[in-house]
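Enquirer: coordinates for the following, if possible.
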Amino acid sequence: MKKLSKKSAALLVAGLVTCGLLAGCGGGDKKDAPKDGGKGAVKVLNFGCQMYSDGLIDPTLQTNTAWNVSRFGIGQTLFRFDDNVKAIPQLAESATPSDGNKTWTIKLKKGVKFSNGVEMTATKVKESLDWVREKGAKGSTNPTKFLDAKAVVTADDKAGTITIKSEKAYANMPASLADPAMCILDYTGSKNPKTGIIGTGPYMVKSFKDHVGYELVANPHYWNGKAPYETVNILFMGDASAKANALRAGQIDLAENIMNVADLKALQADKKFTVQVTAGTRCGFSWMNMKEGKPLANKALRQAIHKAIDYKTICKSNTIGGLYTPGPSVIPSSLGMGFDKLKNPYEYDPEGAKKILDDAGIKDTNGDGIRELNGKNIELRYISYANRLLNDFSDAHTQYLKAVGIGVKSEYGSSDDQWTKLVAGEYDLNNNNWNTMIAGSNTSYMGNWWSKNKDNYCGFKSDAYDKAYEEMMVTMDQKRYEELMLQCQQILIDEAAVLVDGYYNSCIIYNDKVASAHMYPLDYYWITDEIKPAGAK
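Expert: Okay, the predicted model is just below:
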């Protein structure tokens with residue numbers, strides 16, 4: 001299939017918006033128009049967003065499908081994260097630990113129903129938690145990161161509680177249960193969980209169009225009052241300027257994360273739009289495939305790569321425009337965790353990078369400008385995709401690396417392509433952007449470099465890292481936790497194990513038809529009951 005230009009892609013998206021989900025939302029027969037000057041008009045919110053995992057909303061399939069069901073306002077968790085990344089009650093009222101934090105009793109909120117009218121009883125909550133752990137084990141969601149597979153959930157419908165007993169202690173069970181993978185759903189009442197899962201959120205699915213989006217309608221049984229909108233159209237837009245163009249044209253009212261800096265600045269200057277930027281918890285980074293037989297198993301090559309790239313200049317460039325803050329660690333500087341104590345031995349030094357390569361015998365022996373490793377020209381396979389400026393970082397990295405004689409072959413596709421090749425190990429460098437505060441802490445995220453973790457996709461092995469990480473997983477002492485987190489960060493830096501783009505700042509943009517919206521540091525929540533139409537009481 002011929003690749004569309006950015007302009008053509010944006011026009012195609014505009015056509016889909018006009019002819020697809022919005023076909024019945026303003027362009028219908030005149031006889032259907034309100035006759036009361038607009039007071040009886042249907043409240044419609046049109047939301048443009050990136051499509052992840054084909055837009056599917058079954059949380060057991062992938063991490064992104066779990067996030068989709070939460071982001072779209074369909075599914076909710078027992079607890080959720082606030083602006084300080086603290087777990088607070090949502091479908092639950094409280095959580096009480098006992099037995100050294102191995103047993104937790106969760107008091108459920110009364111009067112909650114799923115969007116199909118079924119009551120959210122303790123038994124239904126147990127069924128949901130058991131289902132996501134059992135079925136999720138077959139996908140890549142890995143929900144047992146948040147609730148141990150062996151943990152036993154018992155339900156007491158009369159008391160309105162569930163009790164969770166585990167062999168291991170949980171320092172913060174509410175935070176674990178706040179992850180979108182733990183959304184409480186009526187999966188037995190869902191005819192098609194992939195695109196029609198039943199939740200407790202303010203909105204529910206009316207229809208789905210593959211690669212176009214969803215038409216959501218207000219949940220008539222919503223426990224927290226009436227949903228602000230009668231209809232919410234979720235419109236998938238992947239082109240860099242598509243969301244900005246659709247906002248200007250009035251085809252959407254709300255968009256997440258516009259990543260073209262020129263578009264973002266123009267919208268910030270336009271009084272018709274509100275741009276809310278939040279210092280997030282995300283880190284942009286490239287995995288480095290260190291598995292045996294791969295070029296990056298060579299530590300000298302990794303060290304040279306780090307010295308060859310000027311991250312500070314990239315983050316300040318016109319392309320990135322300050323949407324990222326540079327730093328050497330995989331943990332954002334805004335989260336603390338000993339960041340100011342870290343030492344980076346690989347500051348930008350292209351001549352130093354060349355010397356490392358020369359000293360390691362990685363030289364250009366045939367004069368073609370590309371160095372050789374094990375008798376072959378280095379040609380690193382770089383996987384990336386067009387979201388959160390990742391391709392711009394990858395392009396910049398490629399130019400810096402070629403300047404010191406390291407060859408790169410770029411493969412830019414979709415986020416699904418990136419994930420598939422990551423899991424399969426079909427890459428040398430793989431650029432992505434991760435939430436570092438999974439389950440309200442950095443523990444799960446840092447497990448990506450723990451050698452015993454099945455999610456260690458890069459083959460990193462370090463006895464010192466494993467020892468520190470394993471203690472970090474079980475300690476209940478916050479001071480010791482931070483000491484261990486500092487150790488883990490420094491080890492990754494010293495081993496030149498991760499190519500860090502920087503720390504991403506999330507944003508949400510809306511027009512004057514919307515009274516308010518809110519972007520949380522953890523971007524689990526896009527469509528919420530906090531988003532209200534202008535003039536709403």
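
Enquirer: drop to CA atoms for contacts and neighbour counts, all remaining ones
Expert: OK.

Enquirer: how about the strands in the stretch 201-350 of the chain?
Expert: Under the criterion DSSP state E, counting those that start in this stretch, strands of the stretch 201-350 of the chain are mapped to 203-209, 213-218, 231-236, 254-256, 273-288, 324-325.

Enquirer: of all those, which lies closest to L45?
Expert: In terms of CA to CA, the element of the strands of the stretch 201-350 of the chain nearest to L45 is strand 231-236, at 4.7 Å.

Enquirer: would JSON lines of the strands of the stretch 201-350 of the chain with distance to I356 be doable?
Expert: Conversion of these to JSON lines gives the following (distance: least, CA to CA, whole Å):
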{"stretch": "strand 203-209", "distance to I356": "53"}
{"stretch": "strand 213-218", "distance to I356": "50"}
{"stretch": "strand 231-236", "distance to I356": "45"}
{"stretch": "strand 254-256", "distance to I356": "42"}
{"stretch": "strand 273-288", "distance to I356": "18"}
{"stretch": "strand 324-325", "distance to I356": "27"}
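
Enquirer: columns mean neighbour count and mean pLDDT on top of these, output as TSV?
Expert: Formatted as TSV, the strands of the stretch 201-350 of the chain follow (neighbours: other CA atoms under 10 Å; pLDDT from 0 to 100):
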stretch	mean neighbour count	mean pLDDT
strand 203-209	20	98
strand 213-218	22	98
strand 231-236	25	98
strand 254-256	25	96
strand 273-288	22	91
strand 324-325	23	88
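
Enquirer: ok, which of these comes nearest E470?
Expert: strand 273-288 (21.5 Å).

Enquirer: got any ranges where the protein has weak pLDDT?
Expert: Scanning the chain for pLDDT under 70 picks out 1-41, 240, 537.

Enquirer: sorry, back to before: of the strands of the stretch 201-350 of the chain, which is nearest I438?
Expert: For I438, the closest of the strands of the stretch 201-350 of the chain is strand 273-288, at 9.4 Å, according to CA to CA.

Enquirer: just checking, what packs against the closest one?
Expert: Applying 3 or more CA pairs under 8 Å, 6 or more residues apart in numbering; DSSP states H and E, we find strand 273-288 packed against helix 261-269, strand 429-435, strand 498-511.

Enquirer: tell me which strands that strand pairs with, and in which orientation.
Expert: When pairing is defined by DSSP bridges, strand 273-288 lines up against strand 429-435 (antiparallel), strand 498-511 (antiparallel).

Enquirer: adding mean neighbour count and distance to N192, write the helices and strands packed on strand 273-288 out as a markdown table.
Expert: Formatted as a markdown table, the entries for the helices and strands packed on strand 273-288 read as follows, by neighbours: other CA atoms under 10 Å; distance: least, CA to CA, whole Å:
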| stretch | mean neighbour count | distance to N192 |
| --- | --- | --- |
| helix 261-269 | 16 | 37 |
| strand 429-435 | 22 | 28 |
| strand 498-511 | 24 | 30 |
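
Enquirer: K479: which of those is closest?
Expert: The closest of the helices and strands packed on strand 273-288 to K479 is strand 429-435. By CA to CA, the value is 22.7 Å.

Enquirer: ok, longest helix in this structure?
Expert: Using DSSP state H, we find that the single longest helix of the chain is helix 478-494.

Enquirer: in that one, which residues are buried?
Expert: Y481, L484, M485, L486, Q487, C488, Q489, Q490, I491, L492, I493 (16 or more other CA atoms under 10 Å).

Enquirer: can you check which of the strands paired with strand 273-288 gets nearest to D83?
Expert: strand 498-511 (12.8 Å).

Enquirer: now the element after that closest one, going C-ward?
Expert: Sequence-wise, the next helix or strand downstream of strand 498-511 (DSSP states H and E) is strand 514-516.

Enquirer: remind me what the helix or strand just after that following strand packs against, helices and strands.
Expert: Later in the chain than strand 514-516, the nearest helix or strand by DSSP H and E is strand 532-533. Under the contact criterion of 3+ CA pairs under 8 Å, 6+ apart, strand 532-533 touches strand 514-516.

Enquirer: output the contacting helices and strands for the strand it packs on.
Expert: Checking 3+ CA pairs under 8 Å, 6+ apart, strand 514-516 ends up next to strand 532-533.

Enquirer: try it again with 10 Å
Expert: With contacts taken as 3 or more CA pairs under 10 Å, 6 or more residues apart in numbering; DSSP states H and E, strand 514-516 sits against strand 273-288, strand 532-533.

Enquirer: ok now the longest one, how far from the chain's centre?
Expert: It refers to strand 273-288. Distance of strand 273-288 from its chain centroid, counting by CA atoms, centre = their mean, to the nearest Å, is 10 Å.

Enquirer: then the shortest one?
Expert: Shown here is strand 532-533, whose average C-alpha point lies 25 Å from the average C-alpha point of the whole chain (CA atoms, centre = their mean).

Enquirer: and if you look at stretch 87-97?
Expert: Its chain's C-alpha centre and that of stretch 87-97 lie 24 Å apart, by CA atoms, centre = their mean.

Enquirer: can you pull the buried residues of that stretch?
Expert: Neighbour counts using 16+ other CA under 10 Å place A87, I88, P89, Q90, L91, A92, S94, A95, P97 of stretch 87-97 among the buried residues.

Enquirer: returning to what we had before: out of the helices and strands packed on strand 514-516, flag the one nearest L264.
Expert: Closest of those to L264 is strand 273-288, at 8.2 Å (criterion: CA to CA).

Enquirer: got the angle between that closest one and helix 261-269?
Expert: If you take axes from the mean of the first three to the mean of the last three CA atoms, to 10 degrees, strand 273-288 sits at 150 degrees to helix 261-269.

Enquirer: send me strand 273-288 as PDB with only the CA atoms.
Expert: Listed next in PDB are the C-alpha coordinates belonging to strand 273-288 (Å, rounded to 0.1, in the frame of the first residue of the first chain):
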ATOM      1  CA  PHE A 273      -8.200  26.700  22.700                       C
ATOM      2  CA  THR A 274      -7.000  25.700  26.100                       C
ATOM      3  CA  VAL A 275      -3.700  23.800  26.300                       C
ATOM      4  CA  GLN A 276      -3.000  22.000  29.600                       C
ATOM      5  CA  VAL A 277       0.500  20.700  29.900                       C
ATOM      6  CA  THR A 278       1.400  18.300  32.800                       C
ATOM      7  CA  ALA A 279       4.800  17.200  34.000                       C
ATOM      8  CA  GLY A 280       4.100  13.500  33.500                       C
ATOM      9  CA  THR A 281       5.700  10.300  34.700                       C
ATOM     10  CA  ARG A 282       6.800   9.100  31.300                       C
ATOM     11  CA  CYS A 283      10.300   8.300  30.000                       C
ATOM     12  CA  GLY A 284      11.100   8.100  26.300                       C
ATOM     13  CA  PHE A 285      13.900   5.500  25.800                       C
ATOM     14  CA  SER A 286      15.300   3.000  23.400                       C
ATOM     15  CA  TRP A 287      15.700  -0.600  24.400                       C
ATOM     16  CA  MET A 288      19.200  -1.900  23.600                       C
END
